[in-house]
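Colleague: sequence and predicted structure below; questions after.
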Amino acid sequence: MPEFREAEEADLAAIMALLADDDLGRGREAHVPDAYRRAFRAMARQEGNRMVVAVADGEVVGCMQVTVIHGLSRQGASRAQVEAVRVRRDRRRQGIGQAMLAHAVALARAAGCRLVQLTTDRRREDAHRFYERLGFVASHYGMKLDLPS
């Protein structure tokens, strides 16, 4: 199984490759290293916002972003938002994704969160089955508003 650590700026090329490694990712990711560096540095300044990488055999084989959100609903409960979950194509179906989500849940518990939530594109049916198998429930209808630059 992989080891988990917070991503470093040197991991950005591997993370960018993971994010762009499917039809959806190719359509929304681009090789713009400066934009990713700026975003990575902004994330690093925000407490409770981390990019985690899964490392096996000295290589990044997965990534995910875990952000703690403090709120008033649910009696002031904090929640962890998990996004950008990716496992390298040649390392899928080896338990890495399951280990990554278990790690995200452990991070959430350690931060005092009472809920872990994630988003996944409606077209990612394999991902839906994967998350449901891990106990996640499709309980809400998510909506987004793109803000063009």
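Modeller: Good, I have the coordinates.

Colleague: hey, which helix is longest across this structure?
Modeller: helix 96-110 (DSSP state H).

Colleague: what sits up against that one?
Modeller: For helix 96-110, contacts defined as CB atoms under 8 Å, 6 or more residues apart in numbering pick out 1-2, 4, 50, 52, 54, 56, 61-62, 64, 66, 68, 79-80, 82, 85, 87, 115-116, 130-131, 134. For the C-beta atoms, the positions are set from N, CA and C on the backbone; glycine is no exception.

Colleague: neighbours of the closest residue to residue 112 other than its chain neighbours, how many?
Modeller: Setting aside the residues directly before and after it, residue 112 is nearest to residue 78 in space (CB to CB, 6 or more residues apart in numbering), at 5.7 Å. Residues contacting residue 78 under the criterion other CB atoms under 10 Å number 16.

Colleague: next one: phi and psi at residue 78?
Modeller: Main-chain dihedrals, residue 78, degrees, to the nearest 10: phi -90, psi 150.

Colleague: from memory it sits against residue 72, does it?
Modeller: No: Residue 78 is beyond contact range of residue 72, at 10.5 Å (criterion: CB atoms under 8 Å).

Colleague: about what we covered before: identify the bridge partners of the residue nearest to residue 112.
Modeller: Judged by DSSP bridges, the bridge partners of residue 78 are residue 70.

Colleague: what's near enough to touch it?
Modeller: 68, 69, 70, 71, 111, 112, 113, 114.

Colleague: again with residue 67
Modeller: Contacts of residue 67 by CB under 8 Å, 6+ apart are 46, 48, 49, 50, 80, 81, 83.
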